[in-house]
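Undergrad: model this:
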Amino acid sequence: MAITDTNKSYYSYSTAKDIYKLLGTGDEFAKYQRVETGIAKPRVLSKGFATKDLFQDNIANPRVTDASGTVLIDGRILSVDEIMMLPSITPSDWKDNFPEFQPSGNSVDLKANPAIMNTVMDLLKTTVGEQISDLAYKGDTGTTGQLDFVDGYSKIMKADSDVVDVANVGVISVTNVLSIISSVEKNIPKRIRPMKNKVKIFMSYTTFDLADDANRATQQNGTLLTTKEAVKSSKGYELVPMNSVSDNEIFATIAGNGKDSNLVRGVWFNGDENNFKFYREQPMDETWLIGLKFSIGFQYRAGKDIVLYVGS
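TA: Next up, the predicted model:
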């Protein structure tokens, strides 16, 4: 994700790199995903499982017909889709009030002041992070607007028969939230329970607050930790509140930056010198455009390692 020096003089080099980092690893899912870079074509995310009966009596001359057990390979596909950013600014609006923001160069090769770009990039970073988070979870190519670019985890999980679905007992409320979280925890597959420190239970901030309120009201220390200093958890599984997760959805899986993370993000930047541009919209126009092309996609390795609750 390095940026070349080709257009370095046209924008602040360091802040442009910050935008790249955000697109690749900078939103609220950042520390819970493994990032796959350079996804120029779809990539298979494989994870193997085997049936229990792998052992059998010793046979002198074994044949295929004597074999026991079957190795199953999940092969979910990670692909990326193209997206473009094209916000505009008018640096000339700044120069009359703030002389230090005067453009540099001459009329033939006029460059915006780096101080302006630093400010604009800082403003962009918050919005970029929020929108990437929403894409990661709520993205739906069947909609319109900001979420239409890629399918997010929520849509993919709901369509996957391998995902462990928790029985729907209705909209999540203060009266049922603890029992729902407990049901999610109890349905976590046995094979990933030894990785308790890496299995996270994701929910919205609204759901997290409901759980906190319910826990304090009932003092159910066996379900949730109540001390302010402790990480909120259910039987040792960390509860992770997120802005992008829908209020009536909770899911649990292995999450982190390591190779064993079930959540994966794919990113692709093709030809950095052609991707990030800062330029006048028209030769005589005072409007400048910030252009960035990139590709991004979201997937997980195995539905069998996900527990999902969707209330209605």
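Undergrad: show me where pLDDT drops low in the chain?
TA: 1-22, 24-26, 91-117, 218-231, 270-276 (pLDDT under 70).
Undergrad: for it, which helix is longest?
TA: helix 114-138 (DSSP state H).
Undergrad: For that one, buried residues please.
TA: 114, 116-117, 119-121, 124-125, 128-129, 131-138 (16 or more other C-beta atoms under 10 Å). For every residue, glycine as well, the C-beta is placed using N, CA and C.
Undergrad: which residue sits farthest out from the middle of the chain?
TA: A60 (51.6 Å; C-alpha atoms, centre = their mean).
Undergrad: can you map out the helices along the stretch 201-312 of the chain?
TA: 205-218, 272-275 (DSSP state H, counting those that start in this stretch).
Undergrad: now the longest one, how far from the chain's geometric center?
TA: Counting by C-alpha atoms, centre = their mean, to the nearest Å, helix 205-218 is centred 25 Å from the centre of its parent chain.
Undergrad: other SSEs contacting that helix?
TA: Packing partners of helix 205-218 (3 or more C-beta pairs under 8 Å, 6 or more residues apart in numbering; DSSP states H and E): helix 177-186, strand 237-242.
Undergrad: got JSON lines for the helices of the stretch 201-312 of the chain, with distance to D165 and mean neighbour count too?
TA: Listed next are these as JSON lines, based on distance: least, C-beta to C-beta, whole Å; neighbours: other C-beta atoms under 10 Å:
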{"stretch": "helix 205-218", "distance to D165": "17", "mean neighbour count": "17"}
{"stretch": "helix 272-275", "distance to D165": "40", "mean neighbour count": "16"}
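Undergrad: of all the ones you listed, which lies closest to S88?
TA: Nearest to S88 among these is helix 272-275 (17.4 Å), distances taken as C-beta to C-beta.
Undergrad: thinking again about what came up before, out of the helices of the stretch 201-312 of the chain, nearest to I306?
TA: helix 205-218 (17.2 Å).
Undergrad: tell me the angle the closest one makes with helix 177-186.
TA: For helix 205-218 against helix 177-186, the angle by axes from the mean of the first three to the mean of the last three C-alpha atoms, to 10 degrees is 110 degrees.
Undergrad: quick revisit: quick check: which of the helices of the stretch 201-312 of the chain is nearest to D247?
TA: Nearest of the helices of the stretch 201-312 of the chain (C-beta to C-beta): helix 205-218, 4.8 Å.
Undergrad: rewinding a little: what's the first helix or strand after the longest helix of the chain?
TA: helix 153-158 (DSSP states H and E).
Undergrad: Summarise which helices and strands that next one is packed against.
TA: helix 114-138, strand 249-254, strand 288-300, strand 307-310.
Undergrad: Let's have these in JSON lines, adding distance to R193.
TA: Shown next, in JSON lines, are those (distance: least, C-beta to C-beta, whole Å):
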{"stretch": "helix 114-138", "distance to R193": "24"}
{"stretch": "strand 249-254", "distance to R193": "11"}
{"stretch": "strand 288-300", "distance to R193": "18"}
{"stretch": "strand 307-310", "distance to R193": "11"}
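Undergrad: out of the ones you listed, which comes closest to V199?
TA: strand 249-254 (5.6 Å).
Undergrad: on that earlier part again, JSON lines for the helices and strands packed on helix 205-218, including distance to G75 and mean neighbour count?
TA: Shown next, in JSON lines, are the helices and strands packed on helix 205-218 (distance: least, C-beta to C-beta, whole Å; neighbours: other C-beta under 10 Å):
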{"stretch": "helix 177-186", "distance to G75": "26", "mean neighbour count": "20"}
{"stretch": "strand 237-242", "distance to G75": "27", "mean neighbour count": "19"}
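Undergrad: Out of the ones you listed, which gets nearest to Y153?
TA: strand 237-242 (10.8 Å).
Undergrad: Can you list the strands that that closest one pairs with?
TA: Sheet pairing for strand 237-242, assigned by DSSP bridges, gives strand 199-204 (parallel), strand 233-234 (antiparallel).
Undergrad: Point out the most buried one among those.
TA: strand 199-204 (a mean of 24; mean count of other C-beta atoms under 10 Å).
Undergrad: Contacts for that one next, please.
TA: 32, 181, 184-185, 188, 192-193, 211, 234, 237-243, 245-247, 249-255 (C-beta atoms under 8 Å, 6 or more residues apart in numbering).
Undergrad: any idea how far it is from the chain center?
TA: 13 Å.
Undergrad: Could you check the angle that strand makes with strand 249-254?
TA: 160 degrees.
Undergrad: Next, the contact list for L239, please.
TA: Contacts of L239 by C-beta under 8 Å, 6+ apart are 181, 200-201, 203, 208, 211, 224, 231-233.
Undergrad: Return the set of residues that bridge with it.
TA: I201.
Undergrad: Touching, I77 and L45? I think so.
TA: Yes: applying C-beta atoms under 8 Å, one finds I77 in contact with L45, separated by 7.3 Å.
Undergrad: who touches both of those two?
TA: With C-beta under 8 Å, 6+ apart as the test, I77 and L45 both reach Q299.
Undergrad: Noted, bye for now.
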